[in-house]
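> Fold the following for me, if possible:
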Amino acid sequence: MAGRREAPAPQRRPALRKKKKKKRSPLRTLYRGVVVLAAVIVGLYIAFQVLVPAPAVAEDDPPAPTDTGGTVTQPVATHTQRRERCYTFLLIGVDKTGANSDTIMVATYDTVQQKVGVVSIPRDTLVDVERRVKKINAAYGAGGVEQVKDEASRLLGIPIDYYISIDVRAFVAIVDEVGGVDFNVPVDMHYIDPTDNLVIDFRSGMQHLNGTDALKVVRFRKNNAGVGYSDLGRAETQRNLVMAVAKKVLSLGSVPKISAFIDIFAQYVKTNLSVQDMVWFATQALQLDTNTGVSMTTLPGNSDTHYLNNRYYHGLYPNQTLAIVNQTLNPYVEARTLDDMHILVVPGYNDTEPTPAS
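Sure thing, here's the model as predicted:
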């Protein structure tokens, strides 16, 4: 028919090309996984910081001691201000009989400044108590960890917020769990005690110690000939070895062993820290530089002090002890004084202080 147009033929749509699916690189997948894991860890960390509050501490002075004879310094019952988020701890290692505390340390952790001060109290330190044996290591047998805590507090003139009592078997288990520790043994150690089935045999110098070896090193006092090192030297060795183990425990390589550490802690450690407290302190410790943020020392004194016809007490030097407390342990804004402390002074022994070695 004239004038009629024919409808144009329908055009075929061009075929859609299928895009090739890019293969995801294993490295890219791993990278994304690490990023996600890091984000989770950071998130948990922030959550702990926000949801887990800092532990509260009392503002009161340490309990006032009772004068039981001798020349002593008396405490001043004044209220003092605590530094913000600064906490004190008693760390004791209990021997296998459970009668004495073989290792005694007091530590202060300033979580704001990220500084830790650790002070060893020699086990033979003379304390003024109402019992015949006046060495501080005998306090555990007299009244348990609370007795040690109270006497250390009175002696140093500071409150002690928390205690951690560790059975020696925990020390052995922790060292073994981290694969041993490299440690510079300070002196030759040769001691045999058949009655206790004890053999200590180490040459001075760098050694790789397993748990049993590490315990022998911290226990050593003198060899069978009576030659060894002072109680101060022994305390320093204990402190240095504990620090070496702590650094390894806090290393990234120990992260997979957290479950094992928790089991050891539950079995062998007694503490008044709550689970919430431990979580909070753990988040703070992540920021601590153990190389620059930790200072350690031992309370100085005369380790040949005679008192009430007994020998070999460690009579503290009051002024040197006071200086250490204020530099390393004092949790207060104000400085402590000798009137705040309770140091038994024995004429002729620790009443005259030598000039400290530089």
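
> Name the residues of stretch 117-130 that are buried.
117-129 (16 or more other Cβ atoms under 10 Å). Quick note: C-beta positions are derived from backbone N, CA and C, even for glycine.

> One more: stretch 327-346?
328-332, 336, 338, 340-346.

> among those, which are in strands?
Among the buried residues of stretch 327-346, DSSP state E puts none in strands.

> And these, which is closest to residue 110?
Distance to residue 110, by Cβ to Cβ, is smallest for residue 331 among those, at 8.1 Å.

> lowest-confidence helix or strand of the protein?
In the chain, no helix or strand scores lower on mean pLDDT, DSSP states H and E than helix 26-51, which sits at a mean of 52.

> Let me know the next secondary structure element after that one.
Remark: after helix 26-51, the chain's next helix or strand is strand 86-94, criterion DSSP states H and E.

> Now that next one: average pLDDT?
Strand 86-94 carries an average pLDDT of 92.

> Next: stretch 172-179.
Per-residue pLDDT over stretch 172-179 has a mean of 92.

> what about residue 131, which helix or strand?
Residue-wise, residue 131 maps onto no helix or strand under DSSP H and E.

> what ranges do the strands span in the stretch 251-358 of the chain?
Counting by DSSP state E, counting those that start in this stretch, one finds strands in the stretch 251-358 of the chain at the ranges 269-271, 294-298, 301-307, 310-316.

> can you redo these as TSV with distance to residue 155 and mean pLDDT?
Shown next, in TSV, are the strands of the stretch 251-358 of the chain (distance: least, Cβ to Cβ, whole Å; pLDDT from 0 to 100):
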stretch	distance to residue 155	mean pLDDT
strand 269-271	21	90
strand 294-298	14	92
strand 301-307	11	92
strand 310-316	8	89
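
> low pLDDT regions in this structure?
Low-confidence segments of the chain, defined by pLDDT under 70, span residues 1-53, 58-79, 95-100, 227, 231, 252, 254-255, 357-358.

> Hmm, residue 111 is touching residue 57, no?
No - here residue 111 does not reach residue 57: they are 11.7 Å apart, not a contact under Cβ atoms under 8 Å.

> higher neighbour count, these two?
Ranked by neighbour count (other Cβ atoms under 10 Å), residue 111 and residue 57 place residue 111 first, with 21 against 15.

> Over to the more buried one: give its phi and psi.
For residue 111, the backbone dihedrals (degrees, to the nearest 10) come out as phi -80, psi -20.

> on that earlier part again, so what's in contact with residue 111 and residue 57 at the same time?
Jointly contacting residue 111 and residue 57 under the rule Cβ atoms under 8 Å, 6 or more residues apart in numbering are residue 87.

> How many residues are close by residue 139?
Using other Cβ under 10 Å, residue 139 is surrounded by 26 other residues.

> can you confirm it is in a strand?
No - Residue 139 is assigned helix when assessed by DSSP: H, G, I helix; E, B strand; the rest coil, not a strand.

> thinking again about what came up before, name the nearest of the buried residues of stretch 117-130 relative to residue 260.
Taking Cβ to Cβ as the measure, residue 260 lies nearest residue 118 of the buried residues of stretch 117-130, at 24.8 Å.

> what about dumping the CA coordinates of the helix or strand hosting residue 147 to CSV?
Using DSSP H and E, residue 147 falls within helix 139-156. Provided in CSV are the C-alpha atoms of helix 139-156 (Å, rounded to 0.1, in the frame of the first residue of the first chain):
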residue,chain,number,x,y,z
ALA,A,139,56.2,-12.9,109.6
TYR,A,140,54.6,-15.2,107.1
GLY,A,141,54.7,-18.1,109.5
ALA,A,142,53.4,-15.9,112.3
GLY,A,143,50.3,-14.6,110.5
GLY,A,144,50.4,-15.3,106.8
VAL,A,145,50.6,-12.8,104.0
GLU,A,146,48.5,-10.2,105.9
GLN,A,147,51.1,-10.1,108.6
VAL,A,148,53.9,-9.6,106.1
LYS,A,149,51.8,-6.8,104.4
ASP,A,150,51.2,-5.0,107.7
GLU,A,151,54.8,-5.2,108.9
ALA,A,152,56.2,-4.0,105.5
SER,A,153,53.7,-1.1,105.6
ARG,A,154,54.7,-0.1,109.1
LEU,A,155,58.4,-0.5,108.4
LEU,A,156,58.3,1.8,105.3
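
> for that helix, the distance to its chain's centre please.
Remark: helix 139-156 is offset 18 Å from the chain centroid, using Cα atoms, centre = their mean, to the nearest Å.

> following that helix, which helix or strand shows up next?
By DSSP H and E, the next helix or strand past helix 139-156 is strand 162-167.

> circling back: as JSON lines, the strands of the stretch 251-358 of the chain with mean neighbour count and distance to residue 192 would be great.
As requested, the strands of the stretch 251-358 of the chain are exported to JSON lines (neighbours: other Cβ atoms under 10 Å; distance: least, Cβ to Cβ, whole Å):
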{"stretch": "strand 269-271", "mean neighbour count": "15", "distance to residue 192": "31"}
{"stretch": "strand 294-298", "mean neighbour count": "18", "distance to residue 192": "28"}
{"stretch": "strand 301-307", "mean neighbour count": "18", "distance to residue 192": "25"}
{"stretch": "strand 310-316", "mean neighbour count": "20", "distance to residue 192": "22"}
